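A.B. asks: how would this look folded up:
(one chain, ligands or ions: 1)
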Amino acid sequence: MRDTMPLSRRGFVTGGAAILGLAGAFPAWARTGSQGLAAKGSGLVTGPNIDLSIAAAELAVNRRSGHAVTINGSIPGPLIRLKEGQEVRLRVSNHLHEDTSIHWHGLIVPFEMDGVPGVSFPGIKPHSTFEYRFPIRQSGTYWYHSHSGLQEQVGHYGPLIIDPEGADPVAYDREHVIVLSDWSFLHPHTIFTRLKQEGGFFNRQKLTLADRLGDKTDPMTPAERDMFARMRMDPTDISDVTEAAYTFLINGHSADENWTGLFTPGERVRLRIINAAAQTTFNFRIPGLPMTVVATDGNNVRPVEIDEFQIGNAETYDVIVRPGDQPCALVAEAIDRSGMGVATLAPRAGMRAAAPRLRERPTLGMKDMGMGNSSAHDHMATKTDGIDHAAMDHTAAPPPSHQPMRAPPPMQPAEDHGSMNMRDASRVDFPLGAGVDMIAPMPVDRTGDPGVGLEDVGHRVLTYKDLVSLEPRSDTRLPGRMIEIHLTGNMERFMWSLDGEQLSENPEPYRFARNERVRMRLINDTMMTHPMHLHGHFWELVNGHGDRQPLKHTVRVLPGGYVDLDLTADAPGDWAFHCHLLYHMHAGMMRIVKVRPLEGEPA
Ligand SMILES: [Cu+2]
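C.D. replies: Numbers count the residues shown, from 1 in each chain. Okay, here's the model as predicted:
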């Protein structure tokens, strides 16, 4: 009998793949006109047994289609909703012709369940199934994604929400998940190859010669111009991959497709915002509507009202908004302002708020080159956000007096930038090879800064110093030692590393004793913002709030700055530690962290 095959099957057999139409390709929560997560039929995946299927497909964006990887047939993948205290079994079937994996980003799991091929497990071979199994010991907004190759770029990601066992301290009437991502019709390997050929390949916003030579709008001082020229760096090099190659998506929809989430006027709407992009830091705002931040990376914080925040790859923020009877635009502007994702919150389907224009491109200054706080560019910063930073406690928790800690290098006044050594080997204890083009001469704590390009936007922008944990910390010990880790790179050659070594060079793992309390100082010796992620643990972000410093799984380290992170190394095993810019990780900006002894091993 000659049967016609079902459409999806035929797609497979012909070697092509099913083309995802615009309707039906999205789980209900990500379809435009969504009523929110509590609505019936919102397509959530729940319960103790969950099946996930990874397959190749073509994704249609703005009526073009491109190579994609889907989870249960959609991009983003299904919304997994779990409950604190439950056990979960997740069976992941791989229908690709290559290995795959799922990493549960921010979840505290045994290391064998963490899903990083080559670190915590071998990966999931083609046409095989791997079963993840672990207890749920936390709550909040998280997500999951591939840790294999560059699959995350082509759609292998989805949101994951865990409801608390007890009462939720955050009150809300309705919730929407907002998944930000960057889509390209270029194959990710093509993107990577072009970046290796020329670091600034996708940067079409370079300052013109007129900009550089005395144009009145030139944002740079002569000293800055001089320094950038000497360093052969480009002050507009903010993102590696820009709108030239990307369409920015919200819940899988382009700005033209305009995903719309509905609300009833007067409701408190909780937005769970996840940056699932491969290579894009976003600035998120809702023009005309203040947002109250109530959680970050799954952890509750004291409510703080702001108008905009920067969100690094893999970070999550929960905000409460109370829109009136008008539609509002959700704006996820790429950090380099080459483009934006736009969606709508509306009281009725079909309404649309006007999207703002792209703002003027930002440029980097002396502070971004690790030259401290001295430049005029930076004096203009921080005072326009309505928060009196000067009045806040900028001092970090004091280092322990009874244990040796390496003192930060002495700081010199930076009056004479010209004489500053931008690659001083004596500042670090690793050799400076071709992969390191700069060592920040005067890195400063930038946790009070809003992020590149947000210094002068004229409204309130969240900084890491505004984050105060709702709960006091459980481990009150001071760190017994501090380790410095340098985020290093060569922008022109698109080389990225930690302490000057790429993962492919087999560097020594960072080793922590089980339950050790340690301070990690991440020093950014590059001019890019790196969202750094440690698997299996939460850091306490040292921001001067005593026992209420916020817990984070992913922390943006601003250019030329440093961040102090206190860690209780309570999860034995091998863990990945890396930059969450996908192409930086792929280039080697990753290291293994070993916490010993393992379960059952002698101390
Ligand atoms: Cu990076």
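A.B. asks: I'd like to know which elements the strand or helix carrying Ser65 is packed against.
C.D. replies: Per DSSP states H and E, Ser65 falls inside strand 64-71. Using 3 or more Cβ pairs under 8 Å, 6 or more residues apart in numbering; DSSP states H and E, the elements in contact with strand 64-71 are strand 19-20, strand 49-61. Backbone N, C-alpha and C define where each C-beta goes, glycine included.
A.B. asks: From the chain's centre, how far out is that strand? Work that out for me.
C.D. replies: 22 Å (Cα atoms, centre = their mean, to the nearest Å).
A.B. asks: what's the angle from the helix or strand following that strand to strand 49-61?
C.D. replies: Beyond strand 64-71 in the direction of the C-terminus, DSSP H and E gives the next helix or strand as strand 79-83. Angle, strand 79-83 to strand 49-61, by axes from the mean of the first three to the mean of the last three Cα atoms, to 10 degrees: 150 degrees.
A.B. asks: Tell me the buried residues in the following helix or strand past strand 79-83?
C.D. replies: Next helix or strand after strand 79-83 toward the C-terminus (DSSP H and E): strand 87-94. For strand 87-94, the neighbour count (16 or more other Cβ atoms under 10 Å) marks Val88, Leu90, Val92, Asn94 as buried.
A.B. asks: count of residues packed around His253?
C.D. replies: 23 (other Cβ atoms under 10 Å).
A.B. asks: quick one, what contacts it?
C.D. replies: Contacts of His253 were listed using Cβ atoms under 8 Å, 6 or more residues apart in numbering, and they are Phe26, Ala30, Thr32, Trp259, Ala343.
A.B. asks: Looking at those residues, which are in helices?
C.D. replies: Among these, DSSP state H puts none in helices.
A.B. asks: for the residues you listed, which one is nearest the ion?
C.D. replies: Ala343 (26.7 Å; Cβ to the ion).
A.B. asks: partner residues bridging that closest one?
C.D. replies: Counting by DSSP bridges, Ala343 is bridged to Leu330.
A.B. asks: what residues are up against it?
C.D. replies: By Cβ under 8 Å, 6+ apart, the residues touching Ala343 are Ile178, Ile250, Asn251, His253, Ala255, Asn258, Trp259, Thr260, Gly261, Ala329, Leu330.
A.B. asks: Present the residues you listed as TSV; the columns should include pLDDT.
C.D. replies: Shown next, in TSV, are those (pLDDT from 0 to 100):
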residue	pLDDT
Ile178	98
Ile250	97
Asn251	96
His253	95
Ala255	95
Asn258	93
Trp259	95
Thr260	96
Gly261	96
Ala329	98
Leu330	98
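A.B. asks: picking that back up, for the ion, find the nearest of the helices and strands packed on strand 64-71.
C.D. replies: Closest among the helices and strands packed on strand 64-71, using Cβ to the ion: strand 49-61, at 25.6 Å.
A.B. asks: Show me what that closest one is packed against.
C.D. replies: strand 19-20, strand 64-71, strand 87-94.
A.B. asks: Name the residues of the second one that are buried.
C.D. replies: Of the residues in strand 64-71, those with enough neighbours to count as buried (16+ other Cβ under 10 Å) are Ser65, Gly66, His67, Ala68, Val69, Thr70, Ile71.
A.B. asks: Check the fourth one and give its pLDDT.
C.D. replies: In this model, Ala68 is scored at 94, pLDDT.
A.B. asks: check contacts around it.
C.D. replies: Contacts of Ala68 (Cβ under 8 Å, 6+ apart): Leu20, Ala56, Ala57, Glu58, Leu59, Ile75, Val154, Gly155.
A.B. asks: Least confident of the residues you listed?
C.D. replies: pLDDT across the contacts of Ala68 is lowest for Leu20, at 51.
A.B. asks: Can you list the neighbours in contact with the helix or strand hosting Tyr144?
C.D. replies: Using DSSP H and E, Tyr144 sits within strand 140-145. Here strand 140-145 makes contact (Cβ under 8 Å, 6+ apart) with 77, 80, 102-107, 152, 156-162, 164, 177, 179, 272-274, 276, 295, 297-300, 314, 316, 318.
A.B. asks: What subset of those is buried?
C.D. replies: When these are checked against 16+ other Cβ under 10 Å, the ones flagged as buried are 77, 80, 102-107, 152, 156-162, 177, 179, 272-274, 276, 295, 297-300, 314, 316, 318.
A.B. asks: Tabulate the contacts of Ala343 in CSV, adding columns for distance to His545.
C.D. replies: Below are these laid out as CSV (distance: Cβ to Cβ, whole Å):
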residue, distance to His545
Ile178, 27
Ile250, 32
Asn251, 33
His253, 37
Ala255, 37
Asn258, 39
Trp259, 35
Thr260, 37
Gly261, 33
Ala329, 33
Leu330, 29
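A.B. asks: any idea which of those residues is closest to Leu565?
C.D. replies: Ile178 (26.4 Å; Cβ to Cβ).
A.B. asks: Across the sheet, point out what pairs with that closest one.
C.D. replies: Ile273.
A.B. asks: Contact partners for it?
C.D. replies: Ile178 sits in contact with Ile250, Asn251, Gly261, Leu271, Arg272, Ile273, Ile274, Leu330, Ala343, where contact means Cβ under 8 Å, 6+ apart.
A.B. asks: got those as TSV, with distance to the ion columns?
C.D. replies: Shown next, in TSV, are the contacts of Ile178 (distance: Cβ to the ion, whole Å):
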residue	distance to the ion
Ile250	23
Asn251	25
Gly261	31
Leu271	26
Arg272	25
Ile273	21
Ile274	19
Leu330	26
Ala343	27
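A.B. asks: which regions of the stretch 301-450 of the chain sit below the pLDDT cut-off?
C.D. replies: Within the stretch 301-450 of the chain, the stretches with pLDDT under 70 are 374-419.
A.B. asks: swap the cut-off to 80 and go again
C.D. replies: Residue ranges of the stretch 301-450 of the chain with pLDDT under 80: 373-420.
A.B. asks: Which parts of it are strands?
C.D. replies: When assigned using DSSP state E, counting those that start in this stretch, the strands of the stretch 301-450 of the chain occupy the ranges 308-311, 316-321, 328-334, 340-346, 444-445.
A.B. asks: thinking again about what came up before, max pairwise distance over the buried residues of strand 87-94: which two?
C.D. replies: Val88 and Asn94 (19.1 Å).
A.B. asks: Quick check: Thr529 touching Gly453?
C.D. replies: No - contact criterion Cβ atoms under 8 Å: Thr529 and Gly453 do not qualify, at 10.0 Å.
A.B. asks: Between the two, which has more neighbouring residues?
C.D. replies: Thr529 (25 against 22).
A.B. asks: For whichever residue of the stretch 301-450 of the chain sits closest to the ion, give me its contacts.
C.D. replies: Residue of the stretch 301-450 of the chain nearest the ion, by Cβ to the ion: Asn313 (8.7 Å). Contact analysis of Asn313 by Cβ under 8 Å, 6+ apart lists Asn275, Ala276, Ala277, Ala278, Gln279, Thr280, Thr281, Pro531, Thr554, His580, Leu581, Leu582.
A.B. asks: before we move on, what about Phe538?
C.D. replies: Gly106, Ile108, Asp297, Asn299, Leu551, Lys552, His553.
A.B. asks: any idea how far it is from Ile274?
C.D. replies: 17 Å (Cβ to Cβ, to the nearest Å).
A.B. asks: Then Ala55?
C.D. replies: 22 Å.
A.B. asks: and the stretch 401-550 of the chain, which of its residues are near the ion?
C.D. replies: His530 (Cβ under 5 Å from the ion).
A.B. asks: nearest spatial neighbour of the residue most central in space within the chain, skipping sequence neighbours?
C.D. replies: The residue lying closest to the centre of the chain (Cα atoms, centre = their mean) is Asn313, at 1.7 Å. Distances taken as Cβ to Cβ, 6 or more residues apart in numbering place His580 nearest to Asn313, at 4.2 Å, with adjacent residues excluded.
A.B. asks: does the one you found really touch Val555, like I thought?
C.D. replies: No - using Cβ under 8 Å, His580 is not in contact with Val555; the gap is 9.9 Å.
A.B. asks: shared neighbours, these two?
C.D. replies: With Cβ under 8 Å, 6+ apart, His580 and Val555 have common neighbours Gly312, Pro531, Met532.
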